[in-house]
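*Asks:* Pasting the sequence and the predicted model now:
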Amino acid sequence: MGQLPHLSVILGEEGARALRQRLEALATGVSASSAAFPTGLTPIDGVLPRGGLAYGQVHEWIGVEPSIAGAPHASAARLTHWAPPLTLLLEVAWRGTTGVSGGAHGRAVWIGERVWPYPACLGRVDSTCRLDLDACLFVRAPAPADRLWATDLALRSRAARVVVVDGSGLDLASTRRLQLAAEIGGGVCLLARPPREQDRLTASATRWRVSHAPCPSPHRRWTVELIRCKGMPPSTLARSAWILEQDRETRALRVVADVLDRSGEAPAREGAHRRTG
């Protein structure tokens with residue numbers, strides 16, 4: 001019987017290196033990617049293990065469920081109608097392209113028309129916090145298989161710092177494939193998923209649930225819950241929920257003072273609130 005080929009022959013040098021790093025991570029309990037970027041929302045960054053979202057990983061965002069309660073055929077509408085939390089994804093994507101040091105911006109790829117933002121929403125009114133159109137690539141991929149292929153290619157290419165994808169219809173095997181691609185390329189994958197798929201198994205490093213929240217002012221509000229985070233104790237995860245508000249004029253996001261905190265620690269966090277950007 002002949003000798004088995006070396007891993008680098010089967011997977012290539014990058015694939016073999018990523019596999020070794022992943023095996024080491026499984027053995028030590030530490031992720032293969034150590035770099036992380038802050039979301040700019042201090043209370044949220046404060047509970048994340050590395051003070052932000054890690055590169056080389058998939059981060060999943062569930063929501064936002066449409067406001068169709070009480071409407072005719074509301075249950076049926078939820079099966080086909082949903083909107084990803086683009087306001088939050090834009091903020092996170094900008095932070096991810098800026099990087100850990102806040103230096104030069106990288107490129108962002110938006111896969112699936114559902115996650116395409118309006119060009120006017122890429123920038124802020126009062127600051128230079130923006131994603132330039134010439135640094136963005138928009139990919140039309142209607143079928144789940146097409147979105148999976150395009151996302152895998154973008155993550156492995158190392159050309160994109162952030163890949164935002166419509167993840168509806170992707171299964172556990174698909175998210176595992178994207179996780180490996182993110183580790184190889186070193187970028188970050190922001191995967192948006194409809195609320196009806198929140199019970200699906202996933203290989204994502206973090207999982208967030210975003211829903212609309214009532215607001216007494218003209219601003220927009222969302223409830224953001226961290227429902228899964230690798231390396232985070234369940235006791236901390238159970239308290240990880242916040243209310244975000246967007247300023248109508250500047251489009252800046254902030255954690256509001258009446259932050260949703262099940263542990264009763266809202267006064268302690270109040271001093272940490274700041275506007276992003």
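*Replies:* Great, that's in hand.

*Asks:* which one's the longest strand in the chain?
*Replies:* The residue-count maximum for a strand in the chain (DSSP state E) belongs to strand 220-229.

*Asks:* Each with direction, which strands does that one pair with?
*Replies:* strand 206-212 (antiparallel), strand 241-246 (antiparallel) (DSSP bridges).

*Asks:* Need the ones you listed in TSV (columns: mean neighbour count, distance to Pro119 and mean pLDDT).
*Replies:* Using the backbone N, CA and C atoms, a C-beta is placed for each residue, glycine as well. Formatted as TSV, those follow (neighbours: other C-beta atoms under 10 Å; distance: least, C-beta to C-beta, whole Å; pLDDT from 0 to 100):
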stretch	mean neighbour count	distance to Pro119	mean pLDDT
strand 206-212	20	22	94
strand 241-246	20	18	92
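
*Asks:* Go through these and name the closest to His219.
*Replies:* Among the strands paired with strand 220-229, the nearest to His219 by C-beta to C-beta is strand 241-246 (5.0 Å).

*Asks:* Next secondary structure element downstream of the closest one?
*Replies:* strand 253-255 (DSSP states H and E).

*Asks:* partners of that next one in the sheet?
*Replies:* Using DSSP bridges, strand 253-255 pairs in its sheet with strand 241-246 (antiparallel).

*Asks:* next structured bit after the longest strand of the chain?
*Replies:* Moving toward the C-terminus from strand 220-229, the next helix or strand (DSSP H and E) is helix 234-237.

*Asks:* need the helices for the protein, in chain order.
*Replies:* 7-28, 42-47, 74-80, 86-98, 144-157, 172-185, 234-237, 266-269 (DSSP state H).

*Asks:* what sits up against the fourth one?
*Replies:* The list of residues contacting helix 86-98 from outside it, by C-beta atoms under 8 Å, 6 or more residues apart in numbering, reads 37-40, 52-53, 55, 59, 61, 105-108, 115, 117, 121-122, 129-131, 135, 161-162, 164, 188, 190, 192, 210, 220, 222, 224, 244, 246, 251, 253, 276.

*Asks:* Are any of these buried, and if so which?
*Replies:* 37-40, 52-53, 55, 59, 61, 105-108, 115, 117, 122, 129-131, 161-162, 164, 188, 190, 192, 210, 220, 222, 224, 244, 246, 251, 253, 276 (16 or more other C-beta atoms under 10 Å).

*Asks:* Where strands are concerned, which of the contacts of helix 86-98 count?
*Replies:* The members of those that map onto strands under DSSP E are 37, 53, 59, 61, 108, 162, 164, 188, 190, 192, 210, 220, 222, 224, 244, 246, 253.

*Asks:* and the fourth one, what are its bridge partners?
*Replies:* When bridges are called by DSSP bridges, Trp61 pairs up with Ala192, Trp208.

*Asks:* What of the second one?
*Replies:* According to DSSP bridges, the residues that bridge with Leu53 are Phe37.

*Asks:* ok now do it, which residues does it touch?
*Replies:* 36-37, 39, 59, 92, 96, 188, 206.

*Asks:* Dump those into JSON lines; add distance to Val139 as well.
*Replies:* Below are those laid out as JSON lines (distance: C-beta to C-beta, whole Å):
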{"residue": "Ala36", "distance to Val139": "26"}
{"residue": "Phe37", "distance to Val139": "23"}
{"residue": "Thr39", "distance to Val139": "24"}
{"residue": "His59", "distance to Val139": "19"}
{"residue": "Val92", "distance to Val139": "19"}
{"residue": "Gly96", "distance to Val139": "17"}
{"residue": "Val188", "distance to Val139": "17"}
{"residue": "Thr206", "distance to Val139": "24"}
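
*Asks:* what ranges of this protein fall below the confidence cut-off?
*Replies:* Low-confidence segments of the chain, defined by pLDDT under 70: 1-34, 65-80, 100-105, 123-130, 258-277.

*Asks:* Quickly list what the nearest residue to Ser217 once chain neighbours are set aside is bridged to.
*Replies:* Leaving aside its chain neighbours, Ser217 sits nearest to Glu245 (7.9 Å; criterion: C-beta to C-beta, 6 or more residues apart in numbering). Per DSSP bridges, the residues bridged to Glu245 are Arg221, Arg254.
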